[in-house]
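Asks: No sequence on hand, only this structure:
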């Protein structure tokens with residue numbers, strides 16, 4: 001039963017905000033009747049919620065639990081005021097992500113209500129090579145993780161998505177050297193994002209921060225400087241909080 005519940009919840013990882021039980025059945029391979037039964041039970045417990053047309057989405061209870069995860073909760077709370085400042089300065093959506101296996105998981109998002117693009121949602125999972133935060137996290141992942149990832153089949157979302165392992169290796173080396181990552185129309189053809197690393201007290205990259213901009217509105221160096229400065233401020237704030245709590 002637990003493995004079936006996990007399979008159903010993972011169906012919502014693949015960029016879907018709402019799914020019917022039938023759609024979950026197709027994604028998981030579980031019988032439709034099984035999905036209906038388990039999803040109704042999860043909705044009764046608040047893990048899932050039911051919207052219009054019997055479409056399910058992740059419930060607030062699950063987000064509340066996830067917020068206490070050690071790898072996301074601390075950095076998320078520390079980052080929020082800085083993300084607000086970065087959004088106000090740039091006028092563009094700001095995202096915070098951590099690595100989970102071969103995916104970048106978006107754990108926080110901040111944008112103006114007038115923002116044209118509402119994606120990625122909090123909780124969205126993207127392959128590491130697609131987004132700027134994912135590229136940053138992959139660039140600083142252990143070597144064995146990088147090699148396993150580069151030897152796998154790499155998804156192509158747009159004609160500009162880089163899927164060549166040699167080219168990606170060069171990109172990752174450049175990211176480590178420059179201190180920021182750029183995803184230029186790798187996910188959609190009308191958006192570019194710039195990311196910088198957030199480090200723990202041992203200097204290891206634990207999260208990545210990004211600004212997403214519409215095509216044609218990005219000054220790469222200026223935006224990179226703003227994101228790097230903000231990420232460094234979050235890193236220092238977290239270190240200071242740890243020292244004060246000792």
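Replies: Here it is on my side, so go on. Every value quoted in this text rests on a predicted model; they were computed, and no experiment measured them. Numbers count the residues shown, from 1 in each chain.
Asks: Nearest residue to residue 230 in space, please, no chain neighbours.
Replies: residue 86 (4.6 Å; C-beta to C-beta, 6 or more residues apart in numbering). Heads up, the C-betas are built off the backbone N, CA and C, glycines and all.
Asks: Which element, helix or strand, includes the one you found?
Replies: Taking DSSP states H and E as the definition, one finds residue 86 inside helix 70-90.
Asks: right, and the helix or strand after that helix?
Replies: Next element after helix 70-90 (DSSP H and E): strand 94-100.
Asks: Can you show me the strands along this structure?
Replies: For the chain, the strands defined by DSSP state E cover 48-50, 56-58, 94-100, 103-110, 125-127, 181-184, 191-199, 205-214.
Asks: need the least confident one among those strands, by mean pLDDT.
Replies: Mean pLDDT values for the strands of the chain show the minimum at strand 56-58, a mean of 84.
Asks: ok, now how distant is the residue lying farthest from the centre of the chain from residue 25?
Replies: Within the chain, residue 33 marks the point farthest from the mean C-alpha position, 31.8 Å out by C-alpha atoms, centre = their mean. From residue 33 across to residue 25, the span is 9 Å (C-beta to C-beta, to the nearest Å).
Asks: quick revisit: with mean neighbour count as new columns, can the strands of the chain be given to me in a markdown table?
Replies: Formatted as a markdown table, those follow (neighbours: other C-beta atoms under 10 Å):
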| stretch | mean neighbour count |
| --- | --- |
| strand 48-50 | 18 |
| strand 56-58 | 21 |
| strand 94-100 | 24 |
| strand 103-110 | 22 |
| strand 125-127 | 21 |
| strand 181-184 | 23 |
| strand 191-199 | 26 |
| strand 205-214 | 25 |
